[in-house]
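> missing the sequence, but the structure's below:
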């Protein structure tokens, strides 16, 4: 994939690559955009499907493909969940029994916040309550944020939407992420 | 070329985009790589020809196309010169009669340096003499450097070549650039 002397990066320079996961893994999305961009030009697919669980990655890849005029469509696939709402992830096996019992709070809080924001409640207040609820359940919160669902630009009101809520938090040593759309 | 919300950059992250012109026009080659990358994916050409006069640009574009697996060949076209050796450029019309008379010194010094380095003389000494000769002819020198002809990495000896000599200097208000290979 990277031949000797490789020295080119595809850099997401807008909101999609800034903040959220980028604050915890600097330059991660530069690596994602570069390797996926190379893959797209090597394979020349008509479609590419990325899971919505890594929502920021989906938006970075979508924006990159659009901005660089790559002739394909990037599609998001809905997150697959356990019956209690926990997003499926290879990391879930690292959760202790107690942590596994607490883990669905993340999705529960997300959907509750989304419903309230969708019903017209003040976004900042709802997010603040959501952060407290997540902390009360024993999580160490990295972020709970509302962003524009396409550009991932910070957003202050549902009227400027569509809105996506994104969360990342640690339960013990296991870092979980999730996200939902506001309808 | 840039639709609303455009937020992706193709960044030359190696020696080809560093120093030389980049020191005088920061981020210039980021713009070049991005727009040419977009053009290449839009047009999907089999070949693209760039003049060797803008040698750093030629190397940035070549490296970008290779690194991103774009299915085309980038070719360099030799610099076209006046009979006295001055590289043809739209800027040459801005030279006064005296400046026009002095201008060919740039190419003369370049070819002399290339010949001496090719004959085994110490590169640092030859470049130092070349810089003095250019200054003596009335130029304000931006740089006279030897670089690896493909990667544009700094190079200390002709044995580590192929070597390209690159120069930029101002004559009055007119900035001229030129370059030659060492054989």
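Here it is on my side, so go on. Only a predicted model underlies this, so the values are computations on that prediction, with no experimental measurement involved.
> And the contacts of the worst-scoring helix or strand of chain A on mean pLDDT?
For chain A, the helix or strand with the lowest mean confidence is helix A:21-24, at a mean of 94 (criterion: mean pLDDT, DSSP states H and E). Contact with helix A:21-24 is made by A:28-29, A:56-57, A:142-143, A:168, A:177, as judged by C-beta atoms under 8 Å, 6 or more residues apart in numbering or on different chains. Glycine gets a C-beta too; all of them are placed from N, C-alpha and C.
> hmm, which of those residues are the buried ones?
Neighbour counting over the contacts of helix A:21-24 (16 or more other C-beta atoms under 10 Å in any protein chain shown) leaves A:29, A:56-57, A:142-143, A:168, A:177 as the buried ones.
> For chain A, what lies in contact range of chain B?
Contact residues, chain A versus chain B (C-beta under 8 Å from any C-beta of the partner chain): A:3, A:5-17, A:33, A:37-38, A:41-42, A:63-64, A:66-71, A:151.
> among those residues, which ones are buried?
A:6-17, A:33, A:37-38, A:41, A:63-64, A:66-70.
> among these, which are in strands?
Among those, the members falling in strands (DSSP state E) are A:8-12.
> Residue B:127: which of the residues you listed is nearest?
Distance to residue B:127, by C-beta to C-beta, is smallest for residue A:8 among those, at 28.7 Å.
> Is it correct that that closest one is in contact with residue B:67?
Yes. Residue A:8 lies in contact with residue B:67 (C-beta atoms under 8 Å); the separation is 3.7 Å.
> And the helices in chain A, which stretches?
Using DSSP state H, the helices of chain A run over A:21-24, A:28-43, A:55-67, A:97-102, A:105-118, A:123-136.
> ok, and which of these has the densest surroundings?
Of all these, helix A:55-67 has the most neighbours on average by mean count of other C-beta atoms under 10 Å in any protein chain shown, namely a mean of 23.
> export the buried ones among the contacts of helix A:21-24 to a markdown table and tack on pLDDT and distance to residue B:75?
Putting the buried ones among the contacts of helix A:21-24 into a markdown table (pLDDT from 0 to 100; distance: C-beta to C-beta, whole Å) gives the following:
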| residue | pLDDT | distance to residue B:75 |
| --- | --- | --- |
| A:29 | 97 | 33 |
| A:56 | 97 | 39 |
| A:57 | 97 | 36 |
| A:142 | 98 | 49 |
| A:143 | 98 | 49 |
| A:168 | 98 | 48 |
| A:177 | 98 | 46 |
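> Not counting its neighbours along the chain, what's nearest the most centrally placed residue in chain A?
Taking C-alpha atoms, centre = their mean, the centroid of chain A lies closest to residue A:55, which sits 3.2 Å from it. With sequence-adjacent residues excluded and distances taken as C-beta to C-beta, 6 or more residues apart in numbering or on different chains, residue A:55 is closest to residue A:179, at 4.4 Å.
> check contacts around that neighbour.
Shown in contact with residue A:179 (C-beta under 8 Å, 6+ apart): A:52-53, A:55, A:79, A:110, A:164-167.
> so which of those residues comes closest to residue A:98?
Comparing these against residue A:98 with C-beta to C-beta places residue A:167 closest, at 19.9 Å.
> Neighbours of the residue lying closest to the closest one once chain neighbours are set aside, how many?
Excluding its sequence neighbours, the residue lying closest to residue A:167 (C-beta to C-beta, 6+ apart) is residue A:144, at 4.6 Å. Using other C-beta atoms under 10 Å in any protein chain shown, residue A:144 has 25 other residues around it.
> Residue A:144 and chain B: what is the separation?
24 Å (C-beta to the nearest C-beta, to the nearest Å).
> And that residue, how close does it get to residue A:165?
7 Å (C-beta to C-beta, to the nearest Å).
> starting at the chain centroid, how far to stretch A:174-183?
6 Å (C-alpha atoms, centre = their mean, to the nearest Å).
> And for stretch A:152-166?
On C-alpha atoms, centre = their mean, the centre of stretch A:152-166 falls 13 Å from the chain's centre.
> Now it: buried residues?
Residues A:152, A:155, A:158, A:161, A:163-166 are the ones in stretch A:152-166 that count as buried (16+ other C-beta under 10 Å).
> do stretch A:176-183 as well
Quick answer for stretch A:176-183 (16+ other C-beta under 10 Å): A:176-182.
> Using a markdown table, lay out the residues you listed together with distance to residue A:118.
Output for the buried residues of stretch A:176-183, formatted as a markdown table (distance: C-beta to C-beta, whole Å):
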| residue | distance to residue A:118 |
| --- | --- |
| A:176 | 23 |
| A:177 | 21 |
| A:178 | 17 |
| A:179 | 15 |
| A:180 | 10 |
| A:181 | 9 |
| A:182 | 5 |
